[in-house]
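Visitor: structure of the sequence below:
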Amino acid sequence: MKSFGTSSDTQRDRIRLSGDVAQDAAAWSDALRQHPTDAVLRRQFQAWQAVPEHASAFQQVDHSTAQVLAARHSAGITALHSQTLARVAARQRKRHHRVALVAAGLAATVVMGVSAVVLSGGSWAELQLLRDRAVYALQGQTLYHTAAGERLAVNLEDGTQLTLNTDSRVVVAYTDTTRALTLHHGQALFEVAKDPAHPFVVTAGNRTVTALGTAFDVRYQPDRFEVTLVEGKVEVAESAPQAAAKGAAVPTPHPSPLTPHVLTPGQQLLVTTAAPAPVIRPTDTERVTSWRTGQVIFKDDPLDLAVAEINRYGGRTIVLADPALAQLRISGAFNTGNTQGFVSTLTAYFDVHITEATPTRIVLAPRSPDA
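Guide: Numbering: from 1, shown residues only. Got it, this is the predicted structure:
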C-alpha cells in the first residue's frame, strides 16, 4: 500500500492506494466524500482519474457507494441497525467506544465490499449477503453461506470442522459459555472439538442438537429435519413452544414428542411434514455424508426422490413428465452438479427419453413401445 504523495502529513493520510484499481477507486470515493473541499486532494484525484481504466472504475464505485449510503437510511436498514447496536451496547457497555469503532469499520468494509462486488459484476443477492455478514459481525457472529452446487469447509476457532453442502446458511455465535450455531437452511456436517465447558448446540427451526464431542450431519428444509450421527453422541430436542397467545385458555402441551432423543452412531432422526412424529432409524452414514466428496449415492431409491436430490445442486432442473416414472427404482453413485451425466444414465438404463432440453430444464418421459 502506498500513499498518494503530498507534502502535508494530514493530506498524505487522506488517501492510500494499494495498486488494485477497484480498491483504489473505492478509496478515492471515500476520501473525496470525507474531504470535499480539499483542493490538493482533488488535483491528485484528477491526475489518477486521467487513466481511462481508473475513470471507469471510479464511476461505477462512486455510483454504487452513493446507492449504499442512501439505502442505509431506509426504514428497514435503520431499524435493523438500531436494534443490532442496542443489543451490542447492552452487552458491552464498558466497551462502548470500541463497539463504535468496530461499527464504523464494518460500515466502511461494506461500502468497499459493495464496490468490489459491483465492479466484478456481482448480483443483488451478493450485495444482500455482504450486508447480512456485516450485520452478524456487529453482533459478534459469523455467517457462512453456500450457493446451489457449492461446498464449503471451515475450521472454526475451537478446532471444530464445519462443512456446508449446497445452498446452505449457518450462523456461528461463540460466547464465553456456549458454542451456538444456527442452521437456517440446507445441510451441514459438524465434526466437533471436545470442550465440555462450552456446550456445542446447533439450532434448526425449533429444534436443537447438542453434541458431546462428536460428528453429526444436520439437514434442514421447510419440509424436512434430519440428524444423522456419525460418531459420539448427540441429544436432539425441540424448543419449548412459544407461550400461548395472551388470553388463550389452553396452552400448548409440553414436553413435545421430540424432547429429548439421544442418538447413537449410525442412527438417524427424521421428521417430515408428511410424517411429523420423529422416527429414529439405522442409516448408512457414508451414504448420508457422501456429499462431502461431491457425490450422492442412491440405493434402490424412487426416481422422483433421486431427481429431487440431483436438482438440489443446481444446473438444469430435471422434470418427470409422467408420474409413473416416479415409481422406478435407481441405485448408483453420481457426481453432484453433473445433471447431464445423471440424465444419460437414466436414458441408457430405463425406457425414458428426453422430450425437452433447454438451458434451464430437461424433461423426461416414458419411451414409446414403438420407438
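
Visitor: the residue most central in space within the chain and Arg219, how far apart?
Guide: Geometric centre of the chain, nearest residue: His145, 2.0 Å, by CA atoms, centre = their mean. Relative to Arg219, His145 is positioned 16 Å away (CB to CB, to the nearest Å). C-beta here means a position set from N, CA and C on the backbone, and glycine is covered the same way.

Visitor: for Ala173, same thing?
Guide: 21 Å.

Visitor: between the two, point out the one with more neighbours.
Guide: Taking other CB atoms under 10 Å, Ala173 and Arg219 do not tie; Arg219 has more neighbours (22 against 16).

Visitor: contacting residues around the helix or strand containing the more buried one?
Guide: Arg219 belongs to strand 215-221 when assigned by DSSP states H and E. With CB atoms under 8 Å, 6 or more residues apart in numbering as the test, strand 215-221 has contacts from 165, 183-192, 202, 204-205, 209, 225-232, 234, 263, 285, 288-289.

Visitor: paired strands for that strand, with orientation please.
Guide: strand 179-191 (antiparallel), strand 224-231 (antiparallel) (DSSP bridges).

Visitor: is it possible to get a markdown table of those strands that adds mean neighbour count and mean pLDDT?
Guide: Below are the strands paired with strand 215-221 laid out as a markdown table (neighbours: other CB atoms under 10 Å; pLDDT from 0 to 100):
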| stretch | mean neighbour count | mean pLDDT |
| --- | --- | --- |
| strand 179-191 | 21 | 96 |
| strand 224-231 | 20 | 95 |
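
Visitor: ok, which of those strands comes nearest Ser344?
Guide: Proximity to Ser344 (CB to CB) singles out strand 179-191 among the strands paired with strand 215-221, at 26.0 Å.

Visitor: and the closest one, how far out from the chain middle?
Guide: 10 Å (CA atoms, centre = their mean, to the nearest Å).

Visitor: picking that back up, just the pLDDT for the residue nearest to the centre of the chain.
Guide: Per-residue pLDDT puts His145 at 92.

Visitor: who does Val202 bridge with?
Guide: Leu181, Val209.

Visitor: my read is that it contacts Phe225, right?
Guide: No: counting by CB atoms under 8 Å, Val202 does not reach Phe225; the two are 11.4 Å apart.

Visitor: measure how buried Leu270 is and give me the count.
Guide: Quick note: Leu270 (other CB under 10 Å) scores 17 neighbours.

Visitor: go ahead and confirm it touches Pro276.
Guide: No: the pair Leu270 / Pro276 is not scored as a contact, 10.6 Å apart, by CB under 8 Å.

Visitor: just checking, what packs against the helix or strand hosting Ile330?
Guide: Using DSSP H and E, the element containing Ile330 is strand 329-335. Strand 329-335 sits against strand 295-302, helix 303-311, helix 339-349, with contacts defined as 3 or more CB pairs under 8 Å, 6 or more residues apart in numbering; DSSP states H and E.

Visitor: now the last one: buried residues?
Guide: Applying a neighbour-count criterion of 16 or more other CB atoms under 10 Å, the buried positions in helix 339-349 are 339, 342-343, 346.

Visitor: nearest to Ala333, of the residues you listed?
Guide: Distances from Ala333 to these, taken by CB to CB, are shortest for Phe342, at 10.7 Å.

Visitor: and the closest one, how far from Leu364?
Guide: The gap separating Phe342 from Leu364 is 11 Å, by CB to CB.

Visitor: equivalent analysis for Val61, please.
Guide: 47 Å.

Visitor: comparing the two, which shows the higher neighbour count?
Guide: Neighbours were tallied for Val61 and for Leu364 using other CB under 10 Å; the higher tally belongs to Val61 (27 against 23).

Visitor: right, I'll leave it there.
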